[in-house]
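Visitor: Fold the following.
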Amino acid sequence: MGNGDTRVRGLAARAGGWSARHRWAAVGIWVLFVVLAMGLGSAAGRVDVKESDQLKGETHTAAKIIEDAGIDEPASETVLIQAKGSGGKATDADFRAAVAAVMKAVEGTGKVTDVTSPYDTDTISKDGRSALVQFDMRGEADTAGDRVEPVLKAVEGVQKEHGSLRIEEIGGASMNKTFSDAFGDDFEKAELSAVPVALGILLIAFGALVAALLPVLLAVSAIMATMGLMGIVSHVMPMSDTANSVMLLVGLAVGVDYCLFYLRREREERQAGRDAQTALRIAAATSGRAIIVSGVTVCVAMAGMLFTGLAEFEAMGLASLMVVAVAMVGSVTVLPALLSLLGGRVEKGKIPFLHPESRLRRKRGGNRESRFWTAVLKGVLARPVVSVVVAAGALLAIAAPALGMKTQNLTLDQEFGDSLPIVQTYNRVNDAFPGGSEPAEVVVKAADINAPEVTGALADFKERAISSGASRGPVEIKLHDAQNLAFVYVPLVGGSDFDKAGQSLDKLRDEVRPATLGKVDGVQAPITGQVAGSKDFNDQLTGAVVPVFAFVVVFAFVLMLLSFRSLTVAITSIVLNLLSVGAAYGILVAVFQHGWGASLVGAEGVGAIITWLPLFLFVILFGLSMDYHVFVVSRIREARLRGRTTRDAIQHGVVTTAGVVTSAAVIMVAVFAIFGTLSMQSMKQMGVGLAAAVLIDATIIRGVLLPAVMALLGERNWYLPKWLNRLPDLTHDEAADAVAAPAARDDEGEPLRV
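Guide: From the prediction side, this is the model:
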């Protein structure tokens with residue numbers, strides 16, 4: 001290609017060129033797409049994941065039996081009545097009066113049914129100082145949290161009349177209300193903070209209001225379109241609130257990043273003295289290509305969640321995949337059209353005192369290199385072996401705590417600490433009635449639930465559950481004669497301590513059940529409940545780890561191989577990404593499991609990592625880290641094609657991308673850090689893990705390890721075995737920059753193959 005021939009090939013270049021030539025059509029199509037997606041999604045409505053589909057194993061089996069029987073299990077509530085101080089017993093007159101007042105008050109709301117007295121059900125603690133009034137909420141259990149407020153107020157009224165006693169309510173409905181309120185408040189806070197934070201950082205990065213608004217507007221429009229698409233897709237694969245929140249987080253991060261990469265390259269080329277059309281063409285062929293490679297890699301990583309077999313994970317994976325795809329398409333289509341429309345007006349709204357060096361930069365040819373990273377790179381490239389040993393050693397040391405990672409579904413007190421009154425109630429109930437707040441539930445299905453052998457087995461199960469040490473009782477049995485079902489509620493020894501409660505669950509499943517209900521032909525007796533759900537969820541995720549990891553790593557490797565036609569680049573990409581993920585795991589375990597520096601983020605006493613987070617983080621981080629990697633390596637390769645030596649190309653690629661990578665990383669870290677400030681520990685863990693990983697990725701990995709490793713490898717960076725030459729060539733878009741310099745040639749005058 002000669003200097004005068006600026007024709008380029010490749011999807012990104014063609015898309016950018018078409019959009020620039022048909023700018024109003026491109027903008028109109030994008031707006032129409034967003035509006036149609038939102039309208040159709042709103043009309044279709046969103047189908048959410050059913051509770052029976054969220055888990056696997058025995059928990060899923062139990063939920064299906066209940067669902068098939070047409071039984072709507074009500075949300076159960078409990079009122080703890082407890083004597084304050086050392087005095088007071090459940091047999092006292094004022095205690096009995098308080099019990100009667102509670103029963104009358106909750107019945108008077110008209111929202112409850114099956115109110116039972118502790119004197120009838122023997123739900124009085126061993127020390128005689130605590131008792132439980134139990135009842136069920138009317139209506140569907142899933143929406144009971146929306147109706148429990150009048151009952152809570154009724155209990156509060158009784159508490160005011162009996163100051164010598166502690167009277168508090170807890171149960172499925174009240175805990176769901178607490179969880180929903182906290183979840184909603186947390187994400188509202190995060191959502192309201194994320195966009196202004198991103199916009200503020202972009203203002204500093206660009207120094208102009210219009211340039212800063214473009215990435216935010218495109219990211220928000222991609223999120224809006226995806227929300228509509230989620231409604232349509234949910235009729236095939238159900239979605240959830242969690243999937244929606246994760247989609248928003250990922251959409252804002254990648255949407256802003258992709259536009260930032262594109263916009264900064266176009267701006268840089270114009271500052272170098274090129275006309276607007278040429279600058280846009282170069283940005284399309286270089287940054288546009290990097291966006292497509294990165295976007296496809298992120299989509300592949302997100303698709304890994306579809307292999308977990310867990311409906312919630314599948315929803316998160318599909319929602320994230322869709323928003324990344326939409327943001328990627330918007331960045332390489334509507335953004336070039338907008339830049340073509342705006343031209344020099346993209347610099348409108350300049351912020352005083354920001355980027356006063358822009359005029360000087362234009363005089364120097366627009367090559368905006370970071371002084372800080374220039375100094376760092378000088379040391380790294382001078383001593384690459386030392387840099388690799390120190391940086392890799394530091395990351396491995398940070399990752400070391402991850403070897404002892406403990407995962408579990410967090411209990412209410414772990415999730416919220418002591419910040420909510422209901423957590424203290426939860427702890428008091430567990431202290432007085434170990435396991436009583438969240439008992440194991442045995443769902444017994446038989447051809448005839450009242451057959452003598454079945455009733456005998458139920459009685460034996462009840463007796464052995466206590467004699468085996470799995471429970472201290474009381475064990476309650478509820479019969480559903482019409483459906484031939486029985487529900488057996490077994491408080492587990494260990495209570496809110498999932499390790500000890502898990503041992504009690506194992507006794508029920510492995511010892512008590514086979515010796516009793518297991519001996520009756522045709523009887524099914526899956527055991528469910530919070531502890532069982534956590535165990536089954538862990539088991540399912542453990543089984544999904546290998547296929548998900550293999551899928552993500554193999555496909556990311558293949559994409560890197562095809563995109564750079566280098567076996568070395570593909571291998572180093574995978575290894576460096578795994579290092580950053582490992583370091584993020586180590587930080588999570590150190591802070592949230594071992595408590596090192598936990599007070600800095602308000603995470604004291606958690607002691608475990610929430611079950612779904614490690615796999616989620618791997619998928620998200622492996623995808624997002626490709627943003628920077630593809631962008632930096634593409635720039636290095638581009639410089640090598642222009643005739644620079646590999647060492648010079650590394651220096652040029654890293655320092656010229658340092659500004660945009662830093663800006664993108666600061667935005668991601670700031671947005672993720674917002675989640676680290678939320679009250680829910682699961683959200684804290686997600687925010688801290690993501691923020692730490694992105695920070696490590698953008699600094700130690702891209703600024704030290706990547707250039708040091710590439711410097712050591714030299715020309716071997718571009719090694720591709722001859723037998724792989726038949727692979728599709730996806731590297732041609734860099735030829736667009738031939739307008740700036742002729743292609744590099746070897747000693748015989750042939751074009752250099754990189």
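Visitor: okay, CA-based contacts and neighbour counts for the rest of this
Guide: Will do.
Visitor: so how many other residues sit close to Leu192?
Guide: Per other CA atoms under 10 Å, the neighbour tally for Leu192 reads 10.
Visitor: And it, how far from Phe675?
Guide: To Phe675, Leu192 is 12 Å away according to CA to CA, to the nearest Å.
Visitor: Name the SS class of Phe438, please.
Guide: Not quite, residue 438 is Glu, not Phe. Classification of Glu438 by DSSP: H, G, I helix; E, B strand; the rest coil places it in coil.
Visitor: What score does the nearest residue to it once chain neighbours are set aside have for pLDDT?
Guide: Excluding the flanking residues, the one nearest Glu438 by CA to CA, 6 or more residues apart in numbering is Gln530, at 6.3 Å. Here, the pLDDT recorded for Gln530 equals 80.
Visitor: and Gln530, how far is that from Ile66?
Guide: Counting by CA to CA, the separation of Gln530 from Ile66 is 16 Å.
Visitor: Which parts of this structure are strands?
Guide: Ranges of strands in the chain, per DSSP state E, are 76-83, 112-116, 130-137, 165-171, 407-408, 440-445, 476-480, 485-490, 527-528, 609-610.
Visitor: For stretch 451-471, which residues meet the burial criterion?
Guide: For stretch 451-471, the neighbour count (16 or more other CA atoms under 10 Å) marks 453-454, 457-458, 460-466, 470-471 as buried.
Visitor: Confidence-wise, which helix or strand of the protein is lowest on average?
Guide: One helix or strand of the chain scores below all others by mean pLDDT, DSSP states H and E: helix 358-363, with a mean of 43.
Visitor: Excluding residues flanking it in the chain, which one is nearest Val606?
Guide: Of all residues not flanking Val606 in the chain, Gln414 sits nearest, at 5.1 Å (CA to CA, 6+ apart).
Visitor: That neighbour touches Gly605, doesn't it?
Guide: Yes: applying CA atoms under 8 Å, one finds Gln414 in contact with Gly605, separated by 7.2 Å.
Visitor: what about those two, which has more around it?
Guide: Higher neighbour count among Gln414 and Gly605: Gln414, with 21 against 15, using other CA under 10 Å.
Visitor: how near is the more buried one to Ile571?
Guide: Per CA to CA, Gln414 is found 40 Å from Ile571.
Visitor: show me the contacts for the closest residue to Ser240 other than its chain neighbours.
Guide: Leaving aside its chain neighbours, Ser240 sits nearest to Asp48 (5.1 Å; criterion: CA to CA, 6+ apart). Asp48 makes contacts with Ser234, Pro238, Met239, Ser240, as judged by CA atoms under 8 Å, 6 or more residues apart in numbering.
Visitor: what do you get if the cut-off is 6 Å, keeping everything else the same?
Guide: Contacts for Asp48 were tallied using CA atoms under 6 Å, 6 or more residues apart in numbering; they are Pro238, Met239, Ser240.
Visitor: among those, who's most crowded?
Guide: Met239 (26 neighbours).
Visitor: Pull up the per-residue confidence for that residue.
Guide: So, for Met239, pLDDT stands at 89.
Visitor: And the helices in the stretch 551-700 of the chain, which stretches?
Guide: For the stretch 551-700 of the chain, the helices defined by DSSP state H, counting those that start in this stretch occupy 567-588, 613-641, 646-676, 681-696.
Visitor: For burial, what's the neighbour tally of Thr657?
Guide: Neighbours of Thr657 under the rule other CA under 10 Å: 23.
Visitor: quick one: the residue nearest to Val606 from Gln681, how far?
Guide: From Gln414 across to Gln681, the span is 7 Å (CA to CA).
Visitor: do the same with Ile124
Guide: From Ile124 over to Gln681 the distance is 33 Å, taken as CA to CA.
Visitor: Identify each buried residue in stretch 578-592, please.
Guide: Result for stretch 578-592 [16+ other CA under 10 Å]: buried residues 578-592.
Visitor: for stretch 384-391, same thing?
Guide: Neighbour counts over stretch 384-391 (16+ other CA under 10 Å) mark Pro384, Ser387, Val388, Ala391 as buried.
Visitor: Let me know the pLDDT of Ala744.
Guide: We note a pLDDT of 43 for Ala744 in this prediction.
Visitor: coming back round to it: mean pLDDT and distance to Arg267 for the helices of the stretch 551-700 of the chain - can I get that in TSV?
Guide: Conversion of the helices of the stretch 551-700 of the chain to TSV gives the following (pLDDT from 0 to 100; distance: least, CA to CA, whole Å):
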stretch	mean pLDDT	distance to Arg267
helix 567-588	92	28
helix 613-641	84	16
helix 646-676	84	11
helix 681-696	87	25
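Visitor: so which of the ones you listed comes closest to Ala440?
Guide: helix 681-696 (23.5 Å; CA to CA).
Visitor: Give me the contacts around the closest one.
Guide: Helix 681-696 is contacted from outside by Glu415, Ser580, Ala584, Leu588, Val669, Phe672, Ala673, Phe675, Gly676, Leu678, using CA under 6 Å, 6+ apart.
Visitor: Could you pull up the residues touching the fifth one?
Guide: For Val669, the residues meeting the contact criterion (CA under 6 Å, 6+ apart) are Ala691.
Visitor: try the first one
Guide: With contacts defined as CA under 6 Å, 6+ apart, Glu415 is in contact with Met680, Gln681.
Visitor: And for Trp24, the neighbour number?
Guide: By the measure other CA under 10 Å, the count of residues near Trp24 is 16.
Visitor: Check the gap between the residue lying closest to it once chain neighbours are set aside and Ser294 for me.
Guide: Excluding the flanking residues, the one nearest Trp24 by CA to CA, 6+ apart is Ala337, at 7.2 Å. Separation of Ala337 from Ser294 (CA to CA): 21 Å.
Visitor: cool, and Gly128?
Guide: 64 Å.
Visitor: of those two, who's got more company?
Guide: Comparing Gly128 with Ser294 by neighbour count (other CA under 10 Å), the higher total belongs to Ser294, at 29 against 15.
Visitor: Hmm, the more buried one is touching Ser625, no?
Guide: No: with contacts defined as CA atoms under 6 Å, Ser294 does not count as touching Ser625, sitting 8.9 Å away.
Visitor: sorry, back to before: looking at the buried residues of stretch 384-391, which are in helices?
Guide: Counted as lying in helices by DSSP state H, out of the buried residues of stretch 384-391, are Pro384, Ser387, Val388, Ala391.
Visitor: show me what contacts the second one?
Guide: Shown here is Ser387, whose contacts under the criterion CA under 6 Å, 6+ apart are Val380.
Visitor: Same question for the last one.
Guide: Contact analysis of Ala391 by CA under 6 Å, 6+ apart lists nothing.
Visitor: Kindly report the same for the first one.
Guide: Contacts for Pro384 were tallied using CA under 6 Å, 6+ apart; they are Ala708.
Visitor: again, 7 Å this time
Guide: Ala708, Ala711, Leu712 (CA atoms under 7 Å, 6 or more residues apart in numbering).
Visitor: count of residues packed around the second one?
Guide: Residues contacting Ala711 under the criterion other CA under 10 Å number 24.
Visitor: Test my guess that it contacts Asp648.
Guide: No: if you go by CA atoms under 7 Å, Ala711 and Asp648 don't touch, sitting 9.5 Å apart.
Visitor: Identify the residue spatially nearest to Leu280, adjacent ones excluded.
Guide: Nearest one to Leu280, counting by CA to CA, 6+ apart, is Glu266 at 5.5 Å.
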